[in-house]
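1. Sequence plus the predicted model coming up.
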Amino acid sequence: MPTLEIRDLHVSVETKEGPKPILRGVDLTIASGETHAIMGPNGSGKSTLASALAGHPKYTVTSGTATLDGEDLLSMKVDERARAGLFLAMQYPVEVAGVSVANFLRTAKTALDGTAPALRTWGKEVKGAMENLRMDPVFAERSVNEGFSGGEKKRHEILQMELFKPRFAILDETDSGLDVDALRIVSEGVNRAKENTDIGILLITHYTRILRYIKPDFVHVFVDGKIAEEGGSELADRLEEEGYDKYVGANKTVSA
Amino acid sequence: MTLTTDHSRAVADGAHTHGVGGKPQGSRAERRTSFSLEDIPVPNGREEEWRFSPADRLQPLFQADLGSSGVTVQVTPAPEVKVETVARDDARLGTAGKPGDRTAVTAWNAFEQATVVTIPAEAVASEVTSVRLEGVSKDATAAHVLVRAERHSEAVVVLDHAGVGTLAETVEIVVEDGAHLTVVSVQDWADGAVHASSHRARLGRDAKLKHVVVTFGGDVVRVTPDAEFTAEGGDVEMVGLYFADTDQHQEHRLFVDHAVPECKSRVTYKGALQGSGAHTVWVGDVLIRANAENTDTYELNRNLVLSDGARADSVPNLEIQTGEIAGAGHASATGRFDDEQLFYLESRGISETEARRLVVRGFFAELIHEIGVPSVEERLLASIEAELEKSMSVITGAPAA
């Protein structure tokens, strides 16, 4: 069974004062079909994990490994990681002026599959997926993310996840900034992908709210660049009540 | 590094200028214009209007003894449009303003015959009128084209420049009352061409001009479009697109003269540069004279630097002599590829090369669709593809920005 396996991952970010360590030994294994939630306070390194796995040039892996189905993810270029089956739904999707959503989706699908999708079925597929996410058809003609509202950007990310059918998807705070309706629509999209494919999901979030709609199999609490505690979905309920104070406080004591 | 200026709503603060190494200049209203060679001598390169230009490479066009054999002119008119070849003493010539720099004045004094394209009053041209100027030798040559849109006429005129030429050119554009004219000038010269072109447009009451400049080829191309309003209700839209490769110099200097009230101007120029020694210059002068009340103007220049060793100069100048305006602003930005944009596209499986192509195509696409002439739009998109094709090795060979 394909797995996304992360072992003792250390990652630094370039700053003006030199490299600054953010991830300090992350261990995580996600099998196909599983949904893992990573929760943690701001600044704990959750989003760094997402970006580093996708290959963002700002981050440097200083030690550790990450493999997708046994293949070394870290030696691959950004586009190769995507073609290996990794998808990142970004927290802040970027605008690309003058490139229409339709053109972008087709170009990406062609790059991912190695051949252009059949014109007719692809058109239908895109249209259907957009309907499911309650996206107006005119969206297809708009420039990628340009002038999109926060909710529209996130729906566009999930649209891509449904159309590209990756083996593993990292959702980086996809829930942040969404109202309840948008959160529900986006969550339905994720659940559809889970039903229709054997996708493995790494769901990064600050809040437990989205976990009411997307049931995680495992919950990991992320503190100070590594996983501090792990458990089932009941751990999320506890975090909902207690917050992150306990972990942050413990960490402060240790480093004091 | 990204350089940006944005004065979306500028105010009456007199001369207002930007640019690296910018120096204050006198009012644009005081710039000397003349039909006489003596009044506008050979520049030494330090003058405001020549400070970015490779004066040495333009030398042949500074001389008074330009010939007329180096460039052929061929016109394919729309059925409604009249074409004549006239002698230089034709009374219709020289009515759209005087030369404002040395190559404009040498061009004016040396041409032997002019091509006059007339869209008769009330006529609506059913097809594009094509004027093809082809360089057949490197002999320094003068050429003169006059496009006259008589009152309430409508037409699209496309000027194409190709081949190897050394050309000082005047394009006079007269848009009479109520006429709607689109003029597209494409500079797609072969390597080795040197071209200086003075476009001088004069707009009547409620006249509308869309002026499009597209520069891809040639060693040195310097286009200086001037637009002057003479009556209320004039509307000029100036659109430009350029793509400079290794050692190419492409310069576009615009001047919009709001001399009367109630006129509107929009200027949008976008350029891409790649390869060492690629140099583009954009200077946009807008003058709102004291009596030009309710003027509405905005100018924008954006440059995308695709590789190391290329240089883009961008200088918007807005000079406002009245407080009674509807709107005035400008924006200028020069930047490199956005790493976040490339990461986003690449994270969707798109290769780095293809991602860069998408970004460049996108950069120009919106502007191209503003041209509104489908045959021209298709050609331009194809030309951009060709530029990208020959250049991707240059781009991807360069270190990441």
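-> That came through fine. Numbers count the residues shown, from 1 in each chain, chains lettered A, B, ... in the order given.

2. Count the residues that sit near the residue lying closest to residue B:54 once chain neighbours are set aside.
-> On the basis of CB to CB, 6 or more residues apart in numbering or on different chains, the spatially nearest residue to residue B:54 that is not a chain neighbour turns out to be residue B:249, at 5.3 Å. All C-beta atoms are positioned from the backbone trio N, CA, C, and that covers glycine. Neighbour count of residue B:249, defined by other CB atoms under 10 Å in any protein chain shown: 22.

3. number of nearby residues for the closest residue to chain A within the stretch 101-250 of chain B?
-> Residue nearest to chain A within the stretch 101-250 of chain B (CB to the nearest CB): residue B:241, separated by 12.4 Å. Using other CB under 10 Å, residue B:241 has 25 neighbouring residues.

4. Run through the bridge partners of it.
-> On the basis of DSSP bridges, residue B:241 is bridged to residue B:214, residue B:270.

5. Now that it has come up, it's in contact with residue B:188, right?
-> No. Taking contacts as CB atoms under 8 Å, residue B:241 lies outside contact range of residue B:188: 11.6 Å.

6. Any stretches of chain A with poor pLDDT?
-> Applying pLDDT under 70 to chain A picks out residues A:249-256.

7. swap the cut-off to 90 and go again
-> Where chain A drops to pLDDT under 90, the residues are A:1-2, A:14-16, A:18, A:41-43, A:119-120, A:177, A:206-208, A:237-256.

8. residues in it within reach of chain B, list them.
-> A:54-58, A:77-79, A:81-83, A:87-88, A:90, A:93-99, A:103-104, A:107-108, A:111-112, A:143, A:160, A:164 (CB under 8 Å from any CB of the partner chain).

9. Drop anything exposed from these.
-> A:54-56, A:78-79, A:81-83, A:87-88, A:90, A:93-96, A:98-99, A:103-104, A:107-108, A:111-112, A:143, A:160, A:164 (16 or more other CB atoms under 10 Å in any protein chain shown).

10. Keep only those of those that are in strands.
-> Among these, the ones falling in strands (DSSP state E) are A:87, A:88, A:96, A:98, A:99, A:143.

11. What strand or helix carries the closest residue to the fifth one other than its chain neighbours?
-> In this structure, residue A:99 finds its nearest non-sequential neighbour in residue B:362, 4.1 Å apart by CB to CB, 6+ apart. Element membership for residue B:362, per DSSP states H and E: helix B:352-371.

12. And for residue B:103?
-> Counting by DSSP H and E, residue B:103 is part of helix B:102-110.

13. Let me see the ranges of the strands in chain A.
-> A:3-15, A:18-31, A:35-39, A:59-68, A:71-72, A:86-89, A:96-100, A:143-144, A:168-172, A:200-205, A:218-223, A:226-231.

14. how about those strands in CSV, adding distance to residue B:44?
-> Output for the strands of chain A, formatted as CSV (distance: least, CB to CB, whole Å):
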stretch, distance to residue B:44
strand A:3-15, 47
strand A:18-31, 49
strand A:35-39, 67
strand A:59-68, 52
strand A:71-72, 62
strand A:86-89, 57
strand A:96-100, 41
strand A:143-144, 46
strand A:168-172, 59
strand A:200-205, 63
strand A:218-223, 66
strand A:226-231, 67
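
15. Stretch B:186-197: end-to-end distance?
-> Criterion CA to CA, to the nearest Å; first-to-last residue distance in stretch B:186-197 is 11 Å.

16. three-state assignment of residue B:255?
-> strand (DSSP: H, G, I helix; E, B strand; the rest coil).

17. correct me, but it touches residue B:223?
-> No. In this structure residue B:255 lies outside contact range of residue B:223 using CB under 8 Å: 11.8 Å.

18. The two: who's more crowded?
-> More neighbours surround residue B:223 than the other of residue B:255 and residue B:223, with 24 against 20 (other CB under 10 Å).

19. Identify the bridge partners of that one.
-> Applying DSSP bridges, one finds that residue B:223 bridges with residue B:197, residue B:252.

20. Local confidence estimate at the residue in chain B positioned nearest to chain A?
-> Closest contact between chain B and chain A, by CB to the nearest CB, is at residue B:362 (2.9 Å). If you check residue B:362, the pLDDT there is 91.

21. same deal with residue B:401?
-> So residue B:401 comes in at 36 (pLDDT).

22. buried sites along stretch B:132-148?
-> Buried, per 16+ other CB under 10 Å, within stretch B:132-148: B:132-135, B:139-148.

23. what pLDDT, on average, does that stretch get?
-> On average, stretch B:132-148 scores 97.

24. on that earlier part again, next, give phi and psi for the residue nearest to residue B:54.
-> phi -110, psi 120 (degrees, to the nearest 10).

25. residues in chain B within reach of chain A, list them.
-> B:338-341, B:343-352, B:354-355, B:358-359, B:361-366, B:400.

26. Just the buried subset of these, please.
-> B:338, B:340-341, B:343-352, B:354-355, B:358-359, B:361-365.

27. Can you tell me how far residue B:374 is from residue B:380?
-> Distance from residue B:374 to residue B:380, counting by CB to CB, to the nearest Å: 11 Å.

28. same deal with residue A:234?
-> Residue A:234 is 61 Å from residue B:380, by CB to CB.
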